[in-house]
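**Q** mind folding the following:
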Amino acid sequence: MTSTTKATADLGRGYAQALATRLRAVPALAWIAAAVGGFLGSVPLGLMMQYGNPEPLIALALPMMYGLPGPDLLAGWVIHQFHGVALAVMYVAAVQWEPLTEYPRTLRGAVVLAVVVGAVSTVLLSVLLMPLWLGAVGYPFTPAFPDLTMPEKLWSILGHVIYALPATVGYALVMRR
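**A** All right, here's what the predicted structure looks like:
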């Protein structure tokens, strides 16, 4: 039993080292392109959130999530833009996973992955995480969990796809061979 546990730990350590090596091999310009793309893509998504939702998501929900008083439109936009950059950096890290390493380097792959990122981020963030987090901080318009409100979730997927396109395409343009 001990040798199996040690072998499993060694295997996990080897995988982590291989991933760290792949992450270090990503050119700085690729990280920057994705981060800038994430920042730029967050603008139309934020506008959709600000003007397309009846609730004050940008001005109130985002500041409240971080313990800030609201409504505060500037703080909400700063948080939203930070989220856009952080998610774009996570995208670059995620596509270093061995089955995906070549696919996101093409423009076609980047567009397909933008749709995947849009759908997955909507499910993980908008449908699952946000209702729990907003409920925990006492947001007055907290949706039910899971938040499957339609057509708002379709709008959210569209917004997240629009967000993801500059990040995925920026990465692809730098990384294509």
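
**Q** C-alpha from now on. contacts and neighbour counts both.
**A** Fine.

**Q** element containing the spatially most central residue of the chain?
**A** Most central in the chain under C-alpha atoms, centre = their mean is residue 87, positioned 3.3 Å from the mean C-alpha point. In the assignment (DSSP states H and E), residue 87 maps to helix 73-94.

**Q** and the next element down the chain from the lowest-mean-pLDDT helix or strand in the chain?
**A** Lowest mean confidence among the helices and strands of the chain (mean pLDDT, DSSP states H and E): helix 2-25, at a mean of 69. Helices and strands here follow DSSP H and E; after helix 2-25, the next one along the chain is helix 28-52.

**Q** contact partners of that following helix?
**A** Helix 28-52 is contacted by residues 56-59, 77, 80-82, 84-89, 92, 159-160, 162-171, 174-175 when judged by C-alpha atoms under 8 Å, 6 or more residues apart in numbering.

**Q** kindly report the same for stretch 94-110.
**A** Here stretch 94-110 makes contact (C-alpha under 8 Å, 6+ apart) with 19, 22-23, 113, 165, 168-169, 171-177.

**Q** just those residues: which has the poorest pLDDT?
**A** Across the set of the contacts of stretch 94-110, residue 177 stands lowest in pLDDT, at 62.

**Q** which stretch of helix or strand covers residue 111?
**A** Per DSSP H and E: helix 107-121 holds residue 111.

**Q** now do the next helix or strand after that helix: which elements does it pack against?
**A** Next along the chain after helix 107-121, taking DSSP H and E as the criterion, comes helix 130-137. Here helix 130-137 touches helix 62-65, going by 3 or more C-alpha pairs under 8 Å, 6 or more residues apart in numbering; DSSP states H and E.

**Q** which other helices and strands contact the helix it packs on?
**A** Using 3+ C-alpha pairs under 8 Å, 6+ apart: helix 62-65 touches helix 73-94, helix 130-137.
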